[in-house]
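Participant: Coordinates only, no sequence provided:
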């Protein structure tokens, strides 16, 4: 064994692997898989075409061979296979990710075309050239909205609001999930748990009870994305501004300032929907400052605020690791045991087992 | 902007890896997302610690998952999914490390012009260990990292590196010696 302390510190080296980066890589994987699938299809079609060509050419070859060796004369010329082969090689149009069988199409007063799946349920609350409002409660609907200056277009799907000027997207509503697939334009998604921007080809699914809000527009029409301001009125900076500042400080390597800003936002906005994430980030920052005990406390708070949230598992594992780094083996073991009870097959199970042992 | 993206998981998650592997093999639409949601963070950590840098992390994670989804039919034991993913990633990391080593050799003649810092022996940091790892060839570095840092079983290390257990053991020992020599010399 070289040096257990260094090895232990190496084990704690984690890449800055945040949910946004995770999503970005997933998108690249999806694109790669689609590309490979398309390539395989092309090869298959080419193989079929080549086979057809060969089969069709076989009589000609036979004829030529027979002619050469003075066999009987053919009664008719073989059919040229080229046209058949060419038509086989024409690539099929790519299937959109949110594909569904269109059961019915409808056109609204402003020229918007709606493609509805069989189980789609929607009420057109307002249908004029000035304003369109649709409430979608089930199924899939593709909205192809032409740009129209001065017209407002709103789709409400189980708490999800999609505001458009000119774009094309699919909204799907299942019993517990709302999905949005953007085919054209740009979408700003804001959920209780955060915000993200979706571009062409992106797809987002979330639980219906997450009260997601969406705002979509084509970049060309210059419509600003709608933001919900959750900061209380006053001169103190908003939670958004403080979190942005903390991120910038963290990226620039000023960890002390980032920690101070995060503590400030958590003190001022303890009930903010991003509090668990902010505590988690604070834990990471404190670990970066070699203040493992402070980091552990921050991870513990993050876990306590959202034990079933997307960062719950990571927060618990990070807390155990932080206690171990802080020289608190009893706390580390207790937290690692808690992790193993709660996530026996979790991604950090091996690491936690190591701490317990 | 401070951003959080909800995880893209289907409501019904397969209970174990065997079920997940079966879903991927049957080309279930959500299966590769479930696979990714379950193992992306773990694999990213392993790759990051093997590489000692972040620049090519996204590419290797991406390529590893694409290869895994495409080649799932070749996985013999579904229960070994995790170590199989590590094996795929290790092959890609090995390629990157070899290329990086070739580049270093070319730059070696200029290295003498660079300023050197000194750290007292016995006061090494994790960064120094990463630098020390850069000095040894990938065939020693990878099994050592998998064993000492990732704490994989010797059999899993051997399998991931496509070598015998005895060779894995010998290479880990050799890496130990080289690292100690290098760190002591600093």
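Facilitator: It's in. Please read these numbers as outputs of a predicted model, since none were measured by experiment.
Participant: Any regions of chain A where pLDDT drops low?
Facilitator: Across chain A, the ranges flagged by pLDDT under 70 are A:1-3, A:5-6, A:9, A:11-12, A:66-98, A:159-161, A:165-166, A:175-178, A:185-236.
Participant: chain center to the longest helix that it contains: distance?
Facilitator: Criterion DSSP state H: the longest helix present in chain A is helix A:19-68. From the chain centre to the centre of helix A:19-68 is a distance of 30 Å (C-alpha atoms, centre = their mean, to the nearest Å).
Participant: before we move on, what about stretch A:326-344?
Facilitator: Centre-to-centre, stretch A:326-344 and its host chain are 32 Å apart (C-alpha atoms, centre = their mean).
Participant: Residues touching that stretch, excluding its own?
Facilitator: Contact partners of stretch A:326-344, identified using C-beta atoms under 8 Å, 6 or more residues apart in numbering or on different chains, comprise A:292-293, A:295-296, A:300, A:307, A:313, A:316-317, A:319-321, A:323-324, A:346, A:348-349, A:352-353, A:355-356. Placement of C-beta: from N, CA and C, glycine included.
Participant: Give me the phi and psi for the residue nearest to residue A:129 when sequence neighbours are not counted.
Facilitator: Nearest residue to residue A:129, sequence neighbours excluded (C-beta to C-beta, 6 or more residues apart in numbering or on different chains): residue A:110, at 5.2 Å. Backbone torsions of residue A:110, given as degrees, to the nearest 10, read phi -90, psi 10.
Participant: swap in the one 3 residues further on?
Facilitator: Dihedral angles phi and psi of residue A:113 (degrees, to the nearest 10) take the values phi -110, psi 130.
Participant: which SS class is the closest residue to it other than its chain neighbours?
Facilitator: Closest residue in space to residue A:113, ignoring its immediate chain neighbours: residue A:144 at 4.4 Å, by C-beta to C-beta, 6+ apart. In three-state terms, and counting by DSSP: H, G, I helix; E, B strand; the rest coil, residue A:144 is strand.
Participant: Tell me how many other residues crowd residue A:128.
Facilitator: For residue A:128, the count of nearby residues is 11 (other C-beta atoms under 10 Å in any protein chain shown).
Participant: Excluding chain neighbours, what is closest to it?
Facilitator: residue A:109 (5.5 Å).
Participant: where's the one you found relative to chain B, distance?
Facilitator: To chain B, residue A:109 is 35 Å away according to C-beta to the nearest C-beta, to the nearest Å.
Participant: what's the longest helix in chain B?
Facilitator: helix B:81-111.
Participant: Helix or strand next in line after that helix, which one?
Facilitator: Once the chain leaves helix B:81-111, the next helix or strand it forms, by DSSP states H and E, is helix B:126-134.
Participant: What angle do helix B:81-111 and that next one make with each other?
Facilitator: Helix B:126-134 runs at 80 degrees relative to helix B:81-111, counting by axes from the mean of the first three to the mean of the last three C-alpha atoms, to 10 degrees.
Participant: Could you pull up the mean pLDDT of the helix or strand following helix B:126-134?
Facilitator: Next along the chain after helix B:126-134, taking DSSP H and E as the criterion, comes helix B:138-144. Across helix B:138-144, the average pLDDT comes to 91.
Participant: what separates residue A:284 from residue B:91, distance-wise?
Facilitator: Distance, residue A:284 to residue B:91, using C-beta to C-beta, to the nearest Å: 31 Å.
Participant: out of these two, which sits in the more crowded spot?
Facilitator: Taking other C-beta under 10 Å, residue A:284 and residue B:91 do not tie; residue A:284 has more neighbours (22 against 17).
Participant: ok now stretch B:98-107, how far from the chain's centre?
Facilitator: Mean-position distance between stretch B:98-107 and its chain equals 19 Å (C-alpha atoms, centre = their mean).
Participant: go on, stretch A:319-336?
Facilitator: On C-alpha atoms, centre = their mean, the centre of stretch A:319-336 falls 34 Å from that of its chain.
Participant: need the helix or strand of chain B with the lowest average pLDDT.
Facilitator: helix B:126-134 (a mean of 77; mean pLDDT, DSSP states H and E).
Participant: Can you give me the buried ones in that one?
Facilitator: Neighbour-count burial for helix B:126-134, counted by 16 or more other C-beta atoms under 10 Å in any protein chain shown, picks out B:126, B:128, B:129, B:130, B:132, B:133.
Participant: What helices and strands are in contact with that helix?
Facilitator: helix A:4-11, helix B:165-185 (3 or more C-beta pairs under 8 Å, 6 or more residues apart in numbering or on different chains; DSSP states H and E).
Participant: Relative to residue A:56, which of the ones you listed is closest?
Facilitator: Closest of the helices and strands packed on helix B:126-134 to residue A:56 is helix B:165-185, at 55.7 Å (criterion: C-beta to C-beta).
Participant: Give me the angle between the closest one and helix B:126-134.
Facilitator: Using the same axes, to 10 degrees: helix B:165-185 against helix B:126-134 is 120 degrees.
Participant: Residue ranges in chain B under the pLDDT threshold?
Facilitator: B:1-15, B:54, B:105-126, B:186.
Participant: So if we follow the domain assignment, how does it break up?
Facilitator: Chain B breaks down by automatic domain parsing into domains covering B:13-111, B:115-186.
Participant: Turn the ones you listed into CSV, columns for distance to residue A:101.
Facilitator: Below are those laid out as CSV (distance: least, C-beta to C-beta, whole Å):
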stretch, distance to residue A:101
domain B:13-111, 15
domain B:115-186, 45
